[in-house]
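Colleague: Below is the structure, and that's it, no one-letter string:
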């Protein structure tokens, strides 16, 4: 059984991960499981994002990463068919991290792409 089944998620279910540890690992596993069988052929893809920091190497969990320096530019954040898209604000090279987006941006992404799980 995979996490999608355990959590009773559908392809259009929004997911919020909170807690003291393991959020990025769970997000990466959900992305992997999505690619390996949850995605409907020709489906809208999914968006991964964080309101906190992610490690730079965590871009590997996505097919493509969009750096959203301007919170208004959500048009670039539509994933392609069956694509796992990571949306972050900016790289922070001094600390080896990626800056997360604002909670307001997550809401705007959900409003702009209601058929895409975030």
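Modeller: Done, it's in. Note that the structure is predicted; figures quoted are calculated from it, not measured.

Colleague: What strand or helix carries the residue positioned nearest the centre of the chain?
Modeller: The structure's the chain has its C-alpha centroid closest to residue 48; by Cα atoms, centre = their mean the separation is 0.2 Å. Using DSSP states H and E, residue 48 sits in strand 46-49.

Colleague: Give me the contact list for that strand.
Modeller: 11, 27, 31, 34, 39, 61-62, 77, 79, 83-88, 100-101, 105-106, 109, 113, 116-118 (Cβ atoms under 8 Å, 6 or more residues apart in numbering). In this view, the C-beta of every residue, glycine as well, is placed from N, C-alpha and C.

Colleague: same thing with stretch 68-84?
Modeller: Against stretch 68-84 from outside (Cβ under 8 Å, 6+ apart): 31, 34-35, 39, 41-48, 61-64, 66, 85, 87-90, 101-102, 104-105, 108-109, 112-113, 116.

Colleague: List the residues that contact the nearest residue to residue 91 once chain neighbours are set aside.
Modeller: What sits nearest to residue 91 in space, not counting adjacent residues and going by Cβ to Cβ, 6 or more residues apart in numbering, is residue 98, at 5.7 Å. For residue 98, the contacting residues are 50, 53-56, 58-59, 88-92, by Cβ under 8 Å, 6+ apart.

Colleague: Reformat those residues as TSV; add secondary structure, neighbour count and pLDDT.
Modeller: Formatted as TSV, the contacts of residue 98 follow (DSSP: H, G, I helix; E, B strand; the rest coil; neighbours: other Cβ atoms under 10 Å; pLDDT from 0 to 100):
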residue	secondary structure	neighbour count	pLDDT
50	coil	20	90
53	coil	17	90
54	strand	22	89
55	strand	12	89
56	helix	15	89
58	helix	20	87
59	helix	16	86
88	strand	24	90
89	coil	20	90
90	strand	13	87
91	strand	15	87
92	strand	14	89
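
Colleague: Out of the residues you listed, flag the one nearest to residue 1.
Modeller: Nearest to residue 1 among these: residue 58, at 24.7 Å, using Cβ to Cβ.
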